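Enquirer: Return atomic coordinates for the entry below.
(one chain, ligands or ions: 1)
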Amino acid sequence: MIPLINLKRQFQTVKQDMLKEFERVLDSGQYILGPKVKELEKKTAEKLGVRDAVAVANGTDALVLTLKAFGIGKGDEVITTPFTFFATAEAVSRVGATPVFADVDRGTYNLDPAKIEENITPATKAIIPVHIFGQPADMDEINAIAKKHGLIVIEDACQAFGAEYKGRPAGSIGDAACFSFFPTKNLGTLGDGGMVTMSDPEAARRVRTLRTHGTSKKYFHDKIGFNSRLDELHAAALLILLEKIDGWNEQRRKVAGKYREALKEASHLTLPTEKEDRSHIYHLFCIGAENREEIMQALDTRQIHSGIYYPCCLHLQDVYSSLQYKKGDFPVAESLSDTLFAIPMDPFLTSDEQDQIISVLLAKGGGET
Ligand SMILES: *Cc1c(COP(=O)(O)O)cnc(C)c1O
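Expert: Predicted structure coming up:
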């Protein structure tokens, strides 16, 4: 069996280091927001070249707390992509604001800057580009639009730790950025975790206050906040993974390179566009095919897992029916959700496993059985 992501194999490579660190945490007597979290925040900020990194409980909270820290709420609109994990828009709704969708680029699957401005109204406060599947969005264009209209840019970098855009790390390019350390993310812990990065010290202070019940001084509360803290065990695990992430991302890129080379002549498959001025870290490797169901069935028969990201665009989700979007509003995003599927991708996928996957993909051209 070849899973989509072989987490067990990935964690085996760091198991001994982690067990040692976990023992230290166990003996330390500090289990939440302690020295390991502080060290993780410091090292993350240094690595990304930002002033502040604030650890929180998960990526969704990272988005919610960031929106709150910038004062975004009821009556405000936030422009984002309909082709992302639900949490991006959910966070906007959770603070009482309204998500406004704009279509994506067919090749990179990222928010299309040319579709943003037509959606700006007097109520628009922010844009959330998502670095989907690990490739940074068109940040220069998006930042320029934001500057022109006085909007905040929040990078949803949950799938893109270590990716770069014109030499700058994802997570350092907008006004703020949000990361998820959910186990399947390219930088993932053994549970939930998240991080907000930014260089605005006031906004960072507000995120810190919000994550611990709206308090800046213990037992004195200036606002209604959240309980959104990171555990020391996760910080200890993430500190080990932080040392590995560049190498692992490089291995992901190698795996992607082999797929691209082997599949480039296959006219029944569409490969993701990799832009030259940025580095894609391939959180997922998603390709398109008109006969997606048939290919996924053939992979399944050979015990090779595949998955659909994302089978339903956000503007067509039941929960957003009140926003009155309809099928056909975002033709590119909709066609991607009808044709894309992810094939196995992780830093430790073997060449032999890749050969098996590739041979099934190549055999399924032109709809023959
Ligand atoms: C995973 C993910 C989130 C949410 O992160 P959690 O840690 O699961 O809360 C948000 N946005 C995107 C694009 C994601 O992939």
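Enquirer: Can you list the residue ranges for strands in the stretch 1-150 of the chain?
Expert: Remark: strands assigned in the stretch 1-150 of the chain by DSSP state E, counting those that start in this stretch are 52-56, 77-80, 98-101, 124-128.
Enquirer: With distance to Glu232 and mean neighbour count as added columns, please give those strands in TSV.
Expert: C-betas here are computed from N, CA, C, even on glycine. Below are these laid out as TSV (distance: least, CB to CB, whole Å; neighbours: other CB atoms under 10 Å):
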stretch	distance to Glu232	mean neighbour count
strand 52-56	10	26
strand 77-80	33	24
strand 98-101	34	21
strand 124-128	30	24
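Enquirer: Throw these into a markdown table and include mean pLDDT, thanks.
Expert: Converted to a markdown table, the strands of the stretch 1-150 of the chain look like this (pLDDT from 0 to 100):
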| stretch | mean pLDDT |
| --- | --- |
| strand 52-56 | 98 |
| strand 77-80 | 98 |
| strand 98-101 | 98 |
| strand 124-128 | 98 |
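Enquirer: any chance of the ones you listed in TSV, with distance to the ligand too?
Expert: TSV is the format used below for the strands of the stretch 1-150 of the chain (distance: least, CB to the nearest ligand atom, whole Å):
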stretch	distance to the ligand
strand 52-56	9
strand 77-80	10
strand 98-101	13
strand 124-128	9
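Enquirer: In the stretch 201-350 of the chain, mark out all the strands, start to finish.
Expert: 215-217, 220-221, 278-279, 285-288, 340-343.
Enquirer: Could you tell me the least trusted of these?
Expert: Comparing mean pLDDT across the strands of the stretch 201-350 of the chain, the weakest is strand 215-217, with a mean of 87.
Enquirer: tell me which residues in that strand are buried?
Expert: Of the residues in strand 215-217, Thr215 count as buried by neighbour count, 16 or more other CB atoms under 10 Å.
Enquirer: ok, and what's touching that strand?
Expert: Residues from elsewhere that reach strand 215-217 (CB atoms under 8 Å, 6 or more residues apart in numbering): 205, 208-209, 221-222, 225.
Enquirer: before we move on, the earlier item: kindly reformat the strands of the stretch 201-350 of the chain as JSON lines containing distance to Gly174.
Expert: JSON lines is the format used below for those (distance: least, CB to CB, whole Å):
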{"stretch": "strand 215-217", "distance to Gly174": "25"}
{"stretch": "strand 220-221", "distance to Gly174": "29"}
{"stretch": "strand 278-279", "distance to Gly174": "14"}
{"stretch": "strand 285-288", "distance to Gly174": "24"}
{"stretch": "strand 340-343", "distance to Gly174": "25"}
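Enquirer: Any chance of those strands in CSV with distance to the ligand as columns?
Expert: Output for the strands of the stretch 201-350 of the chain, formatted as CSV (distance: least, CB to the nearest ligand atom, whole Å):
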stretch, distance to the ligand
strand 215-217, 23
strand 220-221, 25
strand 278-279, 17
strand 285-288, 13
strand 340-343, 12
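Enquirer: Please pick the buried ones from the contacts of strand 215-217.
Expert: 208-209, 225.
Enquirer: between those, which is nearest Gly71?
Expert: Nearest to Gly71 among those: Thr209, at 13.3 Å, using CB to CB.
Enquirer: Chain neighbours aside, what residue packs nearest to that closest one?
Expert: Of all residues not flanking Thr209 in the chain, Ser216 sits nearest, at 5.0 Å (CB to CB, 6 or more residues apart in numbering).
Enquirer: quick one, what contacts Gln324?
Expert: Taking CB under 8 Å, 6+ apart, we find Gln324 in contact with no residue.
Enquirer: Around the residue in the stretch 51-200 of the chain positioned nearest to the ligand, count how many other residues there are.
Expert: Nearest to the ligand, among the residues of the stretch 51-200 of the chain, is Gly59, at 2.4 Å (CB to the nearest ligand atom). By other CB atoms under 10 Å, the residues close to Gly59 number 27.
Enquirer: what's near enough to touch it?
Expert: Contacts of Gly59 by CB under 8 Å, 6+ apart are 87, 158, 178-182, 185, 194.
Enquirer: By neighbours, which of those residues wins?
Expert: Comparing those by number of neighbours (other CB under 10 Å), Cys178 comes first, having 32 neighbours.
Enquirer: Give me the contacts around the helix or strand harbouring it.
Expert: Assigned by DSSP states H and E, Cys178 belongs to strand 176-180. If you take CB under 8 Å, 6+ apart as the criterion, strand 176-180 is touched by 48, 50, 58-60, 62-63, 66, 69-70, 152-159, 161, 170-171, 185, 187-188, 193-198, 200, 203.
Enquirer: out of the residues you listed, which are inside helices?
Expert: 48, 59-60, 62-63, 66, 69, 203 (DSSP state H).
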